[in-house]
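Enquirer: need coordinates for the below:
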Amino acid sequence: MTANIDPLQPQATVSAQATGKSPAAAGKGPGSFAAALDGAQQNAPADTLPQSPPPELGAHIAEAARAWEALAASGRHVSFSSSPGGRTQIELSGDHGSNSVMSAGELFALIEREGAT
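Expert: Predicted structure coming up:
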């Protein structure tokens, strides 16, 4: 599951203002939050989502970007899939083979913890 939102593009100036950091500070390398979202933007139909998020979401998007980068730096990543019953399943995986399924509440807590500066 992907979102057509990129906090590192010019329209995300709200996130930079809210955090006091440059949007480019989160990085644009392979496997980065920005690269993943850039791919989602390029693959999504033009009428799927608006080109930029509502301004009030800027700080939350910046926090999610920081969490994504912090997880990647520690060798962990979050993925989404469908369970056999058709429900969305969230999995936290590590480079060392550790995997755990988590609830949406646990994911939001992880974003808050890892995205805090």
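
Enquirer: C-alpha only now, for contacts and for neighbours.
Expert: Fine.

Enquirer: what's the longest helix in the chain?
Expert: helix 58-73 (DSSP state H).

Enquirer: residues of that one that come out buried?
Expert: 58-72 (16 or more other Cα atoms under 10 Å).

Enquirer: pLDDT on that helix, on average?
Expert: The pLDDT scores in helix 58-73 average 86.

Enquirer: restricting to C-alpha, output it in PDB.
Expert: C-alpha atoms of helix 58-73 as PDB (Å, rounded to 0.1, in the frame of the first residue of the first chain):
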ATOM      1  CA  GLY A  58       2.400  18.900   6.900                       C
ATOM      2  CA  ALA A  59       3.800  18.300  10.400                       C
ATOM      3  CA  HIS A  60       2.400  14.700  10.500                       C
ATOM      4  CA  ILE A  61       3.900  13.900   7.100                       C
ATOM      5  CA  ALA A  62       7.300  15.300   8.200                       C
ATOM      6  CA  GLU A  63       7.100  13.100  11.400                       C
ATOM      7  CA  ALA A  64       6.300  10.000   9.300                       C
ATOM      8  CA  ALA A  65       9.200  10.800   7.000                       C
ATOM      9  CA  ARG A  66      11.600  11.100  10.000                       C
ATOM     10  CA  ALA A  67      10.200   7.800  11.400                       C
ATOM     11  CA  TRP A  68      10.700   6.100   8.000                       C
ATOM     12  CA  GLU A  69      14.300   7.300   7.800                       C
ATOM     13  CA  ALA A  70      15.000   6.300  11.400                       C
ATOM     14  CA  LEU A  71      13.700   2.800  10.800                       C
ATOM     15  CA  ALA A  72      15.700   2.400   7.700                       C
ATOM     16  CA  ALA A  73      18.800   3.600   9.400                       C
END
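
Enquirer: roughly how far apart are Ser74 and Thr88?
Expert: 25 Å (Cα to Cα, to the nearest Å).

Enquirer: just to be sure, Ser52 is in a helix?
Expert: No - read with DSSP: H, G, I helix; E, B strand; the rest coil, Ser52 is coil and lies in no helix.

Enquirer: who has more neighbours, Ser74 and Thr88?
Expert: Thr88 (14 against 10; other Cα atoms under 10 Å).
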